[in-house]
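Undergrad: Could you work out the structure for the sequence below:
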Amino acid sequence: MRLTRADGVRLLLLWLGGIDIRLTMLGIPPLVPLIHRELHLDEKGVGALVSGPVLLLAIAAVPGSLLIAKLGVRGALLTGLGSVAVFGALRGLGPSAPVLFTATFLMGVGVAVSQPAFPALVREWFPRRIAIATAVYSNGILIGETLPTAFTAPVALPLAHGDWRWALASWSVIVVASAVAIAVYAPARAAGVSLGGRWWPQWRKHQAVRIGLVMGMASATYFGANAYIPDFLDQTGRHELISPALAVLNASQLLTAPAVALWPRLLTGRGGFIGSATLMAIAQAGIVFTPGVGVVAWAFVLGFSTALAFIVVLSLPPRVAPPGDVASMSAAIFTIQYATAFVVPLIAGALWDATGQAALAFVPGVAAGVAMAWGAMSLRIPGRVTAA
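TA: Predicted structure coming up:
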């Protein structure tokens, strides 16, 4: 079956939506040294700043499912993406740590209430092409993570005359422009939205908790790496490698889509999870023990491995859950996933502060890789999409 022009437009909107729900979140890591020095944050504060929106993805995921059930997909996206754009731009207003953390908190709420809408759109628009639609949507997320990490320091910061506040605000312009198009074309209510008030997740069904925990380990490793690689390289005398390492960490994720296309079994078996977990643990050890520019190569491996697991998880709710439960199951997975992704980097920062040893910030990530491999062994991943 060939894609129509309408299908092409919908795929473009899914791609833009994926970009929007990550673009403003990942503008912080390249600016960590500047923010760290100006606002006098400790490592726990840096970890909370980077992973704070991640906690909101956990706390507000279920309310996001409720918002979709009450307002429909279009209303939820207007509310959520609007908050992302506005509060993402206001993070540097002040400047003060309370303003930065408050605006970051509200921006994270916007991301959280928007995210459960997209698996519902995948099920509504592409019930027989869930794998293709998920690949496009997840590619948008990965690009949304790559653009700010690759271009904030070399492009946005110079254009903002070295002011990290305006550099952060510049990414909201893209969110505003694409959010309008998404809201215009999105249906008011999609088949993947819980109907009849069934917005509360069924935690014991569809392996939601187990999937969330497994994916949480990969997300924790990814966000922890974005939080601590900049200061780790700064303190080990390799400041010039911060931008290349972050760019490679995030850009390598874009190779996961071709990998899945060449080996579709990565989406239907446990191999994708277990292989990713093994690479995650090895790559973090490599970052700590490899001198010089070698850290960039290990950042490449780490980014690829965490993204591979992420794509597998994004494809599961439309494949496993009945049409009316896609949004609520997604909310359940995101709640567990991002709660884990917040706690683990915070523990890493506390270890660094308590010991003064930068290398110990990567120990929780290595442990997360081991836990992810163990948890993935008990997952039941379907090979075919649930019938609509």
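
Undergrad: Next up, the contacts around M25.
TA: M25 sits next to 53, 107-108, 111, 145 when contact means Cβ atoms under 8 Å, 6 or more residues apart in numbering. Heads up, the C-betas are built off the backbone N, CA and C, glycines and all.

Undergrad: swap in A179?
TA: A179 makes contacts with 20, 77-78, 81-82, 84-85, as judged by Cβ under 8 Å, 6+ apart.

Undergrad: give me the element R22 is part of.
TA: helix 5-23 (DSSP states H and E).

Undergrad: Report the buried residues of the helix or strand just after that helix.
TA: Once helix 5-23 ends, the next helix or strand along the chain (criterion: DSSP H and E) is helix 32-39. For helix 32-39, burial by neighbour count (16 or more other Cβ atoms under 10 Å) applies to 32-36, 39.

Undergrad: which of the residues you listed lies closest to T221?
TA: Distance to T221 across those (Cβ to Cβ) is lowest for V32, with 17.5 Å.

Undergrad: Give me the spatial nearest neighbour of that closest one, chain neighbours excluded.
TA: P230 (4.4 Å; Cβ to Cβ, 6 or more residues apart in numbering).

Undergrad: So which of the contacts of M25 wins on neighbours?
TA: Using other Cβ atoms under 10 Å as the neighbour criterion, E145 leads these with 30 neighbours.

Undergrad: For it, which three-state class applies?
TA: Recorded secondary structure, E145: helix (DSSP: H, G, I helix; E, B strand; the rest coil).

Undergrad: surely it meets Q253?
TA: Yes: judged on Cβ atoms under 8 Å, E145 makes contact with Q253 at a distance of 6.7 Å.

Undergrad: quick one on the thing from earlier: which among the buried residues of helix 32-39 gets closest to V155?
TA: Each of those was checked against V155 using Cβ to Cβ; the closest is L34, at 15.3 Å.

Undergrad: Look up how far G92 lies from that closest one.
TA: Separation of L34 from G92 (Cβ to Cβ, to the nearest Å) stands at 11 Å.

Undergrad: Residue ranges in the stretch 1-150 of the chain under the pLDDT threshold?
TA: For the stretch 1-150 of the chain, the stretches flagged by pLDDT under 70 are 1, 51, 94.

Undergrad: can you give me the helices in it?
TA: Using DSSP state H, counting those that start in this stretch, the helices of the stretch 1-150 of the chain run over 5-23, 32-39, 43-59, 61-89, 97-114, 117-125, 130-151.

Undergrad: Quick one: residues contacting the residue nearest to V32.
TA: Neighbours of P230 in contact, by Cβ under 8 Å, 6+ apart: 29-30, 32-33, 242, 246.

Undergrad: Now render the contacts of A179 as a markdown table, adding distance to K44 and neighbour count.
TA: Below are the contacts of A179 laid out as a markdown table (distance: Cβ to Cβ, whole Å; neighbours: other Cβ atoms under 10 Å):
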| residue | distance to K44 | neighbour count |
| --- | --- | --- |
| D20 | 29 | 31 |
| L77 | 34 | 25 |
| L78 | 35 | 19 |
| L81 | 30 | 26 |
| G82 | 31 | 17 |
| V84 | 25 | 31 |
| A85 | 28 | 26 |
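
Undergrad: closest to V301 among the residues you listed?
TA: Nearest to V301, judged by Cβ to Cβ, of the contacts of A179 is D20 at 27.6 Å.

Undergrad: ok, the closest one to A177 distance?
TA: Distance of D20 to A177, computed by Cβ to Cβ: 10 Å.

Undergrad: ditto for E240
TA: Using Cβ to Cβ, one gets 33 Å for the distance from E240 to A177.

Undergrad: same check, this time on R129
TA: 27 Å.

Undergrad: Of those two, give the one with the bigger neighbour count.
TA: R129 (17 against 12).

Undergrad: Break down the stretch 101-250 of the chain into its strands, ranges please.
TA: Applying DSSP state E, counting those that start in this stretch to the stretch 101-250 of the chain gives no strands.

Undergrad: dump the residue contacts of the residue lying closest to V175 once chain neighbours are set aside.
TA: Nearest non-adjacent residue to V175, counting by Cβ to Cβ, 6+ apart: A85, 4.2 Å away. Counting by Cβ under 8 Å, 6+ apart, A85 touches 24, 110, 172, 175-176, 179.

Undergrad: Distance check, A85 against V173.
TA: Distance from A85 to V173, counting by Cβ to Cβ: 8 Å.
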